[in-house]
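> Sequence isn't available, so here's the structure alone:
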């Protein structure tokens, strides 16, 4: 059996329950749902970097990337990105930000599913990702 | 490292951002969220095949299947189907359509999760799928 | 090609459509979305064990665990837990229940994504899980 390893980027806020920001087992690397929290500040509750979609989206993608990199991976290994938005009106701007972020991707873009859900107050976007490393 | 390959069925509409309709890497084939869009028509925006649950569900499942087949796979390899509906009242009819569609499945049915979310105006259902090919 | 096997715990209610409570194929074990239904009772429709978050959450996690164990696995193999709640106000209590349930976990905790969706009337929580076994 392959070992299961937790992935915890140094600057990430502590998860609010007993789960990991990322996990590697065998060839699978799963990134937990990330939101637009800035780097952890001791003694302060996690908070999004800004109220707007742009700041939150770019921070959320950076947070996913930090987990991938801490796990020895990158966006090039990602096969699926799950996007949770809170407002269908955000779709065009989100897509523009997504394309801007992935402008430098070399390989095949990941698959993606985007749905509209509720999130805790102040959060506009949540993203998780599945990577295959073998 | 295994190569990551994008899967793009010929008739599919172009994704609205830098993602793929499907991706194969190693033994994993991930189908992106599909909706009830009919075949792409040059110069026209993607549009669902009909306003009703029946047309959209069958087209959505056909669109998932097209990605599986373009990737050298089939429903027989699918381990998970994620179903996003917009109205809990659609559950019984959706299940009947699902059973009708999968009447010919030979092997074990995939696992499934069904939740109710928001989708862009006019769309009643979105479906993605995970297949294991090795 | 590895065989795809359906996983059906003895006490589980029959799925309302042609899907499996769990599927194993290759090294992947996917648990379908579980809810707080108690053990199947012949001639009766599936029903949640109670109206409250506590009973439903613990039953839902037990139902996921039954699929894992029927498939020869356990929480130690799980890389991702997807949590669907219906009310953002439930987040703190859910997290406390989650930590209570996983107090005995030996290895790295799974990744997790939590979003807020609609569920059929009476259901407060749905959970699915992805395990990697080899």
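Cool, got the structure. As the structure is a computational prediction, the values presented were derived from the model and not from experiment. Numbers count the residues shown, from 1 in each chain, chains lettered A, B, ... in the order given.
> and residue A:92, how many neighbours does it have?
Residues near residue A:92, counting by other C-beta atoms under 10 Å in any protein chain shown, number 11. For the C-beta atoms, the positions are set from N, CA and C on the backbone; glycine is no exception.
> quick one: it is in a strand?
No. Read with DSSP: H, G, I helix; E, B strand; the rest coil, residue A:92 is helix and lies in no strand.
> Can you list the low-confidence ranges for chain A?
A:1 (pLDDT under 70).
> Just give me the longest helix of chain A.
Determined from DSSP state H, the single longest helix within chain A is helix A:53-70.
> In terms of secondary structure, what does it contact?
strand A:22-25, strand A:28-34, helix A:91-101, strand A:125-132 (3 or more C-beta pairs under 8 Å, 6 or more residues apart in numbering or on different chains; DSSP states H and E).
> Can I get those in CSV including distance to chain C?
As requested, those are exported to CSV (distance: least, C-beta to the nearest C-beta, whole Å):
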stretch, distance to chain C
strand A:22-25, 4
strand A:28-34, 3
helix A:91-101, 16
strand A:125-132, 5
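> Residue B:18 is nearest to which of these?
Among the helices and strands packed on helix A:53-70, helix A:91-101 comes nearest to residue B:18, with 4.9 Å by C-beta to C-beta.
> tell me the centre residue of chain A?
residue A:64 (3.2 Å; C-alpha atoms, centre = their mean).
> OK, contacts around it?
For residue A:64, the contact set (C-beta atoms under 8 Å, 6 or more residues apart in numbering or on different chains) comprises A:31, A:34, A:81, A:127, A:128, A:129.
> separation between it and residue C:89?
For residue A:64, the distance to residue C:89 equals 27 Å [C-beta to C-beta, to the nearest Å].
> Which residues of chain A lie near chain B?
A:27, A:76-77, A:79-81, A:88, A:91, A:94-96, A:98-99, A:102, A:105, A:107-117, A:130, A:132-134 (C-beta under 8 Å from any C-beta of the partner chain).
> of those, buried ones?
A:27, A:77, A:79-81, A:91, A:94-95, A:98, A:102, A:107-117, A:130, A:132-133 (16 or more other C-beta atoms under 10 Å in any protein chain shown).
> what's the closest non-adjacent residue to residue A:93?
The shortest distance from residue A:93 to any non-neighbouring residue, by C-beta to C-beta, 6 or more residues apart in numbering or on different chains, is to residue A:53 (5.6 Å).
> Quick one: neighbours of the one you found, just the number.
19.
> give the contact list for it.
A:90, A:93, A:94, A:97, A:124, A:125.
> Looking at strand pairing, list the partners for residue A:28.
residue A:25, residue A:132 (DSSP bridges).
> unless I'm mixing things up, it is touching residue C:79, no?
Yes. Using C-beta atoms under 8 Å, residue A:28 is in contact with residue C:79, at 5.8 Å.
> Which residues are in contact with residue A:33?
So, once contact is read as C-beta under 8 Å, 6+ apart, residue A:33 ends up touching A:82, A:84, A:126, A:127, A:128, C:111, C:112, C:113, C:114, C:115.
> Can you name the two of those that sit furthest apart?
The most widely separated members of the contacts of residue A:33 are A:84 and C:111, with 14.7 Å between them, by C-beta to C-beta.
> what's the first-to-last distance across stretch A:4-14?
Using C-alpha to C-alpha, to the nearest Å, one end of stretch A:4-14 lies 19 Å from the other.
> That one close to chain C?
Yes. Applying C-beta under 8 Å from any C-beta, one finds stretch A:4-14 touching chain C at A:4, A:5, A:6.
> Just the buried residues of that stretch, please?
For stretch A:4-14, by 16+ other C-beta under 10 Å, it's A:4, A:5, A:6, A:7, A:8, A:9, A:12, A:13.
> and if you look at stretch A:13-28?
A:13, A:15-28.
> closest to chain B among those?
Ranked by distance to chain B (C-beta to the nearest C-beta), those are led by residue A:27 at 5.8 Å.
> Just give the nearest non-adjacent residue to the closest one, would you?
residue A:134 (3.5 Å).
> pretty sure that neighbour contacts residue A:25?
No. Using C-beta under 8 Å, residue A:134 makes no contact with residue A:25, being 11.6 Å away.
> hmm, back to that, between the buried residues of stretch A:4-14, which is closest to chain C?
When these are compared for distance to chain C (C-beta to the nearest C-beta), residue A:6 comes out closest, at 3.6 Å.
> Now do the same for that closest one: helix, strand or coil?
Per three-state DSSP, the local secondary structure of residue A:6 is strand.
> Distance to residue A:58 added to the residues of stretch A:4-14 next to chain C, as CSV?
Converted to CSV, the residues of stretch A:4-14 next to chain C look like this (distance: C-beta to C-beta, whole Å):
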residue, distance to residue A:58
A:4, 30
A:5, 27
A:6, 25
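> What is the burial count for residue A:46?
16.
> Quick one: residues contacting the nearest residue to it once chain neighbours are set aside.
Closest residue to residue A:46 apart from its sequence neighbours, by C-beta to C-beta, 6+ apart: residue A:13 at 4.0 Å. Taking C-beta under 8 Å, 6+ apart as the contact definition, residue A:13 lies against A:37, A:39, A:40, A:46.
> Kindly confirm my reading that residue A:13 is in a helix.
No. Using three-state DSSP, the assignment for residue A:13 is coil, not a helix.
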